[in-house]
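>>> Predicted structure and sequence below. I'll ask about it afterward.
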Amino acid sequence: MGLAAYADDPPGKLRDQFRELIHINGTAITNEWLNNISDESYEAQVRDLRDRFGQYTAPQVARAFQDRTEEIVTKLAKNAVNETGCANVALSGGVLANVKVNQRIFELQDVDRIWVQQAMNDGGLSIGNAYVLGAEEYDWQPERLNSVALGPAYDEKEITNAI
């Protein structure tokens, strides 16, 4: 989403298009566009996106999408905090590699702390699911990690010899 920084405020019509395409209700996100076009071929999906957004510059589209992403994810975080009563928010998954989104969540009045899974892709979701399963099925208790460097350590001589 780096292009978003290069655009001034996008046109209101463009913002409205993203608001119509992606909705949030409680902690459920609905992608109306994908629901309506998922049976179409990839080429048809690309044509549809060009038809919708082709009149705008790439930075304008990126900025409008960034803004909508921030709206959705912050609302999701706020709704989850209100629903659970837990103000400590753990974040994981590809969208949460977006530092600006994480900043917006951190700035929410209802949020005390955030933690971002270092696996900055959807693989982080598997780690979170494993912890949930471990807590529910095996009574695991979470422990604070001071570092995610969990593998073996090598000194400079060992590294040089391996090369």
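Yep, that arrived. This one's a predicted model, so the numbers in the text were calculated from it and none came from an experiment.

>>> quick one: least confident helix or strand in this protein?
The helix or strand of the chain with the lowest confidence, counting by mean pLDDT, DSSP states H and E, is helix 123-138 at a mean of 86.

>>> Let me know whether Val61 touches Arg52 as I believe.
No - no contact is recorded between Val61 and Arg52 when judged using CB atoms under 8 Å, the distance being 9.2 Å. Heads up, the C-betas are built off the backbone N, CA and C, glycines and all.

>>> Where does pLDDT dip in the protein?
Where the chain drops to pLDDT under 70, the residues are 1.

>>> Phi, psi for the residue nearest to Arg63 when sequence neighbours are not counted please.
Taking CB to CB, 6 or more residues apart in numbering, and ignoring the residues beside it in sequence, Arg63 has Ala7 as its nearest neighbour in space, at 3.8 Å. With angles defined as degrees, to the nearest 10, Ala7 sits at phi -120, psi 140.

>>> My read is that Ala7 contacts Gln60, right?
Yes - the pair formed by Ala7 and Gln60 meets the contact definition of CB under 8 Å, at 4.9 Å.

>>> middle-most residue in this protein, spatially?
Val95 (2.2 Å; CA atoms, centre = their mean).

>>> residues contacting that one?
Under the criterion of CB atoms under 8 Å, 6 or more residues apart in numbering, the contact partners of Val95 comprise 69, 73, 101.

>>> how about the nearest residue to the first one, chain neighbours excluded?
What it means is Thr69. Spatially, and ignoring its direct neighbours in sequence, Thr69 is nearest to Val101 (6.0 Å; CB to CB, 6+ apart).

>>> Packing partners of the longest helix belonging to the chain?
Secondary structure of the chain read by DSSP state H shows that its longest helix is helix 58-84. With contacts taken as 3 or more CB pairs under 8 Å, 6 or more residues apart in numbering; DSSP states H and E, helix 58-84 sits against helix 12-21, strand 22-25, strand 88-91, helix 99-106.

>>> How about the second one, which residues are buried there?
Judged by neighbour count using 16 or more other CB atoms under 10 Å, the buried positions of strand 22-25 are Ile22.

>>> That strand pairs with which strands, and in what direction?
Partner strands for strand 22-25, per DSSP bridges, with pairing direction: strand 28-31 (antiparallel).

>>> This completes my enquiry, with thanks.
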